[in-house]
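*Asks:* test case, fold it:
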Amino acid sequence: MLEGVDETKLVEAAPTPVAAPDALPVLYVISNSVNVRGGPSTNFEVVGRLTRVEAVTVVSPAEDGWVQIRIEGDGVEGFIAARLLTDIAPAN
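*Replies:* Take a look at the predicted model:
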């Protein structure tokens with residue numbers, strides 16, 4: 001018993017649900033060969049290379065024609081021209 005507290009008015013607090021992080025979108029390469037750049041321009045060095053239908057995870061949305069991506073598996077992050085990507089998954 002708590003002194004000075006009306007126990008009939010105490011309510012057990014439910015735990016606050018933790019929101020699951022939004023899944024990052026996946027896009028697919030539509031060109032035969034694509035350079036992954038260290039920055040959002042062809043002036044940046046090539047940090048990786050992808051081929052047609054490879055999947056990438058979008059880290060940040062397109063800005064000035066470039067999308068920041070992550071290549072799953074090897075953890076490389078970089079930029080790809082947005083026009084070289086699609087959200088349509090390739091047929092198996």
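
*Asks:* what does the pLDDT read for the spatially most central residue of the chain?
*Replies:* For the chain, the residue nearest the mean C-alpha position is L24 (3.2 Å; CA atoms, centre = their mean). Here the pLDDT value assigned to L24 is 84.

*Asks:* ok, it to S33 distance?
*Replies:* Distance of L24 to S33, computed by CB to CB, to the nearest Å: 24 Å. (C-beta placed from N, C-alpha, C; glycine too.)

*Asks:* for the helix or strand where V47 lies, list every residue counted as buried.
*Replies:* Under the criterion of DSSP states H and E, V47 resides in strand 46-51. Judged by neighbour count (16 or more other CB atoms under 10 Å), strand 46-51 contains these buried residues: 48, 50.

*Asks:* so where's the protein uncertain?
*Replies:* 1-22, 92 (pLDDT under 70).

*Asks:* how many other residues sit next to V76?
*Replies:* 15 (other CB atoms under 10 Å).

*Asks:* what bridges to it?
*Replies:* I71 (DSSP bridges).

*Asks:* just list the residues touching it, thanks.
*Replies:* 36, 47-48, 70 (CB atoms under 8 Å, 6 or more residues apart in numbering).

*Asks:* report the two of those separated the most.
*Replies:* V47 and R70 (11.5 Å; CB to CB).

*Asks:* buried stuff in the longest strand belonging to the chain?
*Replies:* As assigned by DSSP state E, the longest strand anywhere in the chain is strand 55-63. Within strand 55-63, the residues scored as buried using 16+ other CB under 10 Å are 55-56, 58, 62.

*Asks:* what's the closest of those residues to D74?
*Replies:* V56 (11.3 Å).

*Asks:* list the contacts for the nearest residue in space to that closest one that is not next to it in sequence?
*Replies:* Nearest residue to V56, sequence neighbours excluded (CB to CB, 6 or more residues apart in numbering): I69, at 4.1 Å. Shown in contact with I69 (CB under 8 Å, 6+ apart): 27, 36, 56-59, 77-80, 85.

*Asks:* could you rerun that using 6 Å?
*Replies:* 56, 58, 80 (CB atoms under 6 Å, 6 or more residues apart in numbering).
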